[in-house]
Structure formats: structure tokens, C-alpha cells
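1. this one's structure only:
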Ligand code: NAP
């Protein structure tokens, strides 16, 4: 039997990342469940995976901090000696605001976690996966947002821009490493039922938005996770540089 693949999911403790971690473990991956503050939630995801016969471990790192990122990848090196897949899912948003009300600290946080964090984690993955560095190839999936297309005026143009940058990075890097055994793709979730809405002070947002959503409902984290699992899988062996909208049409 082929050795089980190693997957790191950033922000795997809750929401979309936790769904990715659970479904990936069911599909046979050994899963690194990254978190930044909610150790109990990450431990809960690991326990659920283990209860189903899967393998996972929780790993704390702030993807907004390069030192933490380096330590996280070194911990995976020590544990498994390789990495086959990375899902850049960790992300933050902030309160509804116009640009003229936004502080520099807010802008830096959004860009540092969502954009720079994604790029630095990917750099570490490429250093391990690329055939140019003696690696065996691998797959990267970046979790973007429909905000990148919609722009999110009067809501959070900073967040939208941070995800737009992730999309451009996905396209460019996919071409840069296409001949080195690495596929790079993205997903753009629409409004999904997770804690992220409460984190910006609007926990009921998914319900409040149903009337403007084409399917008249928000999405479930598993519906995004299934798209991520497809992009990770060999079924997507000729898919790279693609970004799949998982948004119920908007
Ligand atoms: P969520 O429920 O708020 O969960 C966020 C996850 O990211 C948690 O596991 C959290 O860890 C982790 N995280 C936050 N900051 C981090 C950092 N600096 N370093 C490492 N981990 C960090 O979010 P979600 O809704 O599942 O969102 C996941 C991704 O989907 C994000 O990139 C988000 O932008 C994107 N997205 C979500 C929606 C939506 O409607 N939900 C729509 C479009 C795109 P802790 O548990 O330790 O806090």
C-alpha cells in the first residue's frame, strides 16, 4: 500500500479548515492541524480524526509570523521528513468599515495574515516539494474568497484586496513551479457558515444574506472542503493555476 500523504492545513482548528482536516483524514492523509489561539478546538479536531481511525496532530503557529512558520515546517520535517500537500486556509477579517475609517494596524494585520502568511507558508512548502530542491512534488490549495471578485465595498475592501493578491499569487506560482511537480490552485468560498462572521461582529451574517444569495442559503464548510479535496487529489492531476468559486453562484 502507498504511504499515506502528509497534509498541512493552516487554520485547521475551526470552520473551513477543520472540515478540510476531517475530510482529508478520511481520504487517508496524515494531517497537521494548525491553529493560532484555540488549542482546545485544534485538539478536538485531532481527537475526532483519531476516533475515526485517522492520524492528525495539532501545531500552533501564527502564520503572520515568519519565525512561527519556519518552526511549524521544521516540526513537520522532524515528524514525517516530508510534506505532500498544503492548504493555506488561515485567514482573518475585520469589522465592516469604509477605507477612510481603517487604521494602518488593521491593514497590516489583514495583509500580514492573509497574504504574506499564505505566501511564506507556500515558500516553505515549495522548498520541500519542488523537484528542483530534491522534493517529490506536491499540491497547494489557497483559500481565497469571492470578496476578491466582488471587492466588498463599504464592508472590507482591505480583506478583498488581500484575497485578490492571493489569487494573483496562485496564478503566477502555478506557472513558476508547474515543471517542478507542484500544482497550485485556489478556491473562492462565498458566504459560509463559520465563526468568521462573529469575529467581525456579525454572527448572523450568513442568515441575513440568504435572500440575496442565488441558492437562498449560505454554504456549509464541508461544501468548500470537498472542492479543496478534489483539487488536492489525483482527479485534478492536470489542473493547476485554477481558482474554483464555491459560492452557490455569488
Ligand atoms: P474561522 O471559522 O474564523 O476560522 C479561522 C481559522 O484560522 C481558525 O482555525 C484560526 O485559528 C485560524 N487562524 C486565524 N488567524 C490565524 C493566524 N494568524 N495563524 C494561524 N491560524 C490562524 O474562519 P473560516 O470562515 O473557516 O475561514 C477560513 C478561510 O476561508 C479564511 O481564509 C477566510 O478568509 C476564507 N473565507 C471564509 C468565508 C466564510 O464565509 N466563512 C468566505 C470566504 C472566504 P484559531 O482557532 O486558533 O483562532
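-> Thanks, I have the structure now. What you are looking at is a predicted structure, and each value in this text was computed from that prediction instead of being measured. Numbers count the residues shown, from 1 in each chain.
2. show me the biggest helix of the chain in terms of residues.
-> As far as residue count goes, and with DSSP state H defining each element, the longest helix of the chain is helix 157-176.
3. what about the residue positioned nearest the centre of the chain, distance to residue 13?
-> Among the residues of the chain, residue 89 comes closest to the average C-alpha position under CA atoms, centre = their mean, at 1.5 Å. Per CB to CB, to the nearest Å, residue 89 is found 10 Å from residue 13. The C-beta positions use only the backbone N, C-alpha and C, and glycine is treated the same way.
4. Next: residue 223.
-> Remark: distance between residue 223 and residue 13 (CB to CB) = 19 Å.
5. higher neighbour count, the two?
-> Ranked by neighbour count (other CB atoms under 10 Å), residue 223 and residue 13 place residue 13 first, with 26 against 18.
6. so where does the more buried one fall, helix or strand?
-> Following DSSP states H and E, there is no helix or strand that holds residue 13.
7. Give me the phi and psi angles of it.
-> Here is the backbone geometry of residue 13 (degrees, to the nearest 10): phi -80, psi -20.
8. Which residues are in contact with residue 231?
-> Taking CB atoms under 8 Å, 6 or more residues apart in numbering as the definition of contact, the neighbours of residue 231 are 139, 141, 183, 185, 187, 239, 242, 244.
9. Would you list the buried entries among the residues you listed?
-> 139, 141, 183, 185, 187, 239, 244 (16 or more other CB atoms under 10 Å).
10. circling back: what would the contacts of residue 231 look like in a markdown table with pLDDT and secondary structure?
-> Putting those into a markdown table (pLDDT from 0 to 100; DSSP: H, G, I helix; E, B strand; the rest coil) gives the following:
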| residue | pLDDT | secondary structure |
| --- | --- | --- |
| 139 | 99 | strand |
| 141 | 99 | strand |
| 183 | 99 | strand |
| 185 | 99 | strand |
| 187 | 99 | strand |
| 239 | 99 | coil |
| 242 | 98 | coil |
| 244 | 98 | strand |
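11. Rebuild those residues as JSON lines, extending it with distance to residue 17.
-> Listed next are the contacts of residue 231 as JSON lines, based on distance: CB to CB, whole Å:
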{"residue": "139", "distance to residue 17": "16"}
{"residue": "141", "distance to residue 17": "11"}
{"residue": "183", "distance to residue 17": "20"}
{"residue": "185", "distance to residue 17": "16"}
{"residue": "187", "distance to residue 17": "12"}
{"residue": "239", "distance to residue 17": "21"}
{"residue": "242", "distance to residue 17": "20"}
{"residue": "244", "distance to residue 17": "17"}
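12. quick revisit: so which of the buried ones among the contacts of residue 231 is the closest to residue 59?
-> Nearest to residue 59 among the buried ones among the contacts of residue 231: residue 141, at 18.1 Å, using CB to CB.
13. Show me which residues of this protein are close to the ligand?
-> Proximity of the chain to the ligand, by CB under 6 Å from any ligand atom, involves residues 10-11, 13-17, 34-38, 41, 62-64, 89-92, 113, 143, 145, 189, 191-192, 194-196, 199.
14. where does the residue nearest to the centre of the chain land on pLDDT?
-> Taken from the predicted model, the pLDDT recorded for residue 89 is 99.
15. Now for it: which residues touch it?
-> Counting by CB under 8 Å, 6+ apart, residue 89 has contacts 9-12, 16-17, 20, 143.
16. quick one, strands of the protein?
-> Taking DSSP state E, the strands of the chain run over residues 6-9, 30-35, 55-60, 85-88, 138-143, 182-189, 243-246.
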